[in-house]
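Undergrad: turn this into a model:
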Amino acid sequence: MFSNLNQMIDQWLAFEQKSQTATSEPWTFSTTRKTPKINLYEADDKVVLTAELPGLQKAEIDLKVQGNSLIISSTPAENEEKPETYIYRERGLTAFNREIKFGFDIDAEQVEAQFENGILTVTLLPVAAEQPKTIALS
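TA: This next block holds a predicted model:
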C-alpha cells in the first residue's frame with residue numbers, strides 16, 4: 001500500500017520539477033485578484049469599510065453610492081518612471097471597479113470617506129426608516 005503511495009509522490013515530484021524547469025522564469029506566481037482587499041465592520045449604528053489601495057492618489061479614486069451599493073473604482077495614471085523590464089512585478093497599478101452590496105439602502109448624504117497612507121475608510125449609514133406619523137382627527 002505504501003509503496004504505491006511513495007511511487008505516486010515520486011511521480012508528482014518529478015512532474016513538478018519538469019514543469020518548473022520548462023519555464024523561462026525562475027519562479028511563477030498566479031495572482032488573479034484585480035480588486036482591492038476590504039474589511040467591513042459595524043460600529044454603533046454605522047457600517048465601516050476599509051480598503052487597501054496602495055500606490056493610488058486621492059484624485060484617482062472614485063466612490064459612488066447607488067441604492068444599497070457602494071462602488072469603488074479607479075483608473076490610475078501611468079507612472080512615467082518605469083523600468084524597461086521587471087524581474088518580477090506583483091504591485092502593478094491596474095484599473096478596477098468593485099461593487100459592494102449591503103442589506104440596506106445607504107444614506108448617500110451621510111457617507112464619510114477618508115484616504116490616508118493607502119487605506120480608504122468609508123463610513124455608511126442606512127437610510128432612516130420612516131417613523132409612523134400620528135394623524136389627529138378633526
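
Undergrad: which secondary element of the protein has the worst mean pLDDT?
TA: helix 2-22 (a mean of 56; mean pLDDT, DSSP states H and E).

Undergrad: next structured bit after it?
TA: Beyond helix 2-22 on the C-terminal side, the first helix or strand identified by DSSP states H and E is strand 38-43.

Undergrad: residues near the residue lying closest to Thr75 once chain neighbours are set aside, how many?
TA: In this structure, Thr75 finds its nearest non-sequential neighbour in Ala95, 4.5 Å apart by C-beta to C-beta, 6 or more residues apart in numbering. (Each C-beta comes from the backbone N, C-alpha and C, glycine too.) Ala95 is flanked by 10 other residues according to other C-beta atoms under 10 Å.

Undergrad: neighbours of Ala51, how many?
TA: Ala51, neighbours per other C-beta under 10 Å, totals 21.

Undergrad: ok, Gly118 next?
TA: 12.

Undergrad: can I assume it is in contact with Gly55?
TA: Yes - counting by C-beta atoms under 8 Å, Gly118 touches Gly55, with 7.1 Å between them.

Undergrad: state the distance from Leu124 to Thr134.
TA: 31 Å (C-beta to C-beta, to the nearest Å).
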